[in-house]
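>>> Sequence first, then the predicted structure, then my questions.
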Amino acid sequence: MVETKKKGRRAPRTHRLVIALNDEEYKAIERYVLKYKVKNKSKFVRETLIKTILKQFEEDHPTLF
């Protein structure tokens, strides 16, 4: 698992990631943000992306059986 905090301390975000969306993708995100009253869009996108990545890592993890 990725560790980003030590007892209440946040790791500074020093890396920038820029993505481009088409009109439909952007509208879908905007609809979601409005419908579910997302207050911090950046945090929402970041957490959604990381959850998806960690879930995939967990599914791809080798098992003994």
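Right, received. Where do you want to start?

>>> those strands in this protein, which residues are they?
5-6, 9-10 (DSSP state E).

>>> weakest of those strands in terms of mean pLDDT?
If you rank the strands of the chain by mean pLDDT, strand 5-6 sits at the bottom with a mean of 56.

>>> Which neighbouring elements make contact with the longest helix seen in the chain?
Of all segments of type helix in the chain, defined using DSSP state H, the longest is helix 41-60. Packing partners of helix 41-60 (3 or more C-beta pairs under 8 Å, 6 or more residues apart in numbering; DSSP states H and E): helix 23-35. Where you see a C-beta, it was placed from the backbone N, CA and C, and this is true even at glycine.

>>> Which pLDDT value goes with residue 56?
Reported pLDDT for residue 56: 94.

>>> quick one: contacts of stretch 32-46?
The contact list for stretch 32-46 (C-beta atoms under 8 Å, 6 or more residues apart in numbering) reads residue 29.

>>> Where does pLDDT dip in the protein?
1-7, 65 (pLDDT under 70).

>>> on that earlier part again, can you give the distance from the longest helix of the chain to the centre of its chain?
4 Å (C-alpha atoms, centre = their mean, to the nearest Å).

>>> how many degrees apart are that helix and helix 23-35 in direction?
Here helix 41-60 runs at an angle of 110 degrees relative to helix 23-35 (axes from the mean of the first three to the mean of the last three C-alpha atoms, to 10 degrees).

>>> buried ones in helix 41-60?
Within helix 41-60, no residue counts as buried by 16 or more other C-beta atoms under 10 Å.

>>> Output it as PDB, nothing but the C-alphas.
This file holds the C-alpha atoms of helix 41-60, laid out as PDB (Å, rounded to 0.1, in the frame of the first residue of the first chain):
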ATOM      1  CA  LYS A  41     -12.900  18.500  -7.500                       C
ATOM      2  CA  SER A  42      -9.100  18.100  -7.400                       C
ATOM      3  CA  LYS A  43      -9.300  15.900  -4.300                       C
ATOM      4  CA  PHE A  44     -12.200  13.900  -5.800                       C
ATOM      5  CA  VAL A  45     -10.300  13.200  -9.000                       C
ATOM      6  CA  ARG A  46      -7.000  12.400  -7.200                       C
ATOM      7  CA  GLU A  47      -8.700  10.000  -4.700                       C
ATOM      8  CA  THR A  48     -10.800   8.300  -7.400                       C
ATOM      9  CA  LEU A  49      -7.700   7.700  -9.500                       C
ATOM     10  CA  ILE A  50      -5.600   6.400  -6.700                       C
ATOM     11  CA  LYS A  51      -8.400   4.100  -5.500                       C
ATOM     12  CA  THR A  52      -8.700   2.600  -9.000                       C
ATOM     13  CA  ILE A  53      -4.900   2.100  -9.200                       C
ATOM     14  CA  LEU A  54      -4.600   0.500  -5.800                       C
ATOM     15  CA  LYS A  55      -7.600  -1.800  -6.500                       C
ATOM     16  CA  GLN A  56      -5.900  -3.000  -9.800                       C
ATOM     17  CA  PHE A  57      -2.600  -3.600  -7.900                       C
ATOM     18  CA  GLU A  58      -4.400  -5.700  -5.400                       C
ATOM     19  CA  GLU A  59      -6.200  -7.700  -8.100                       C
ATOM     20  CA  ASP A  60      -2.900  -8.300  -9.900                       C
END
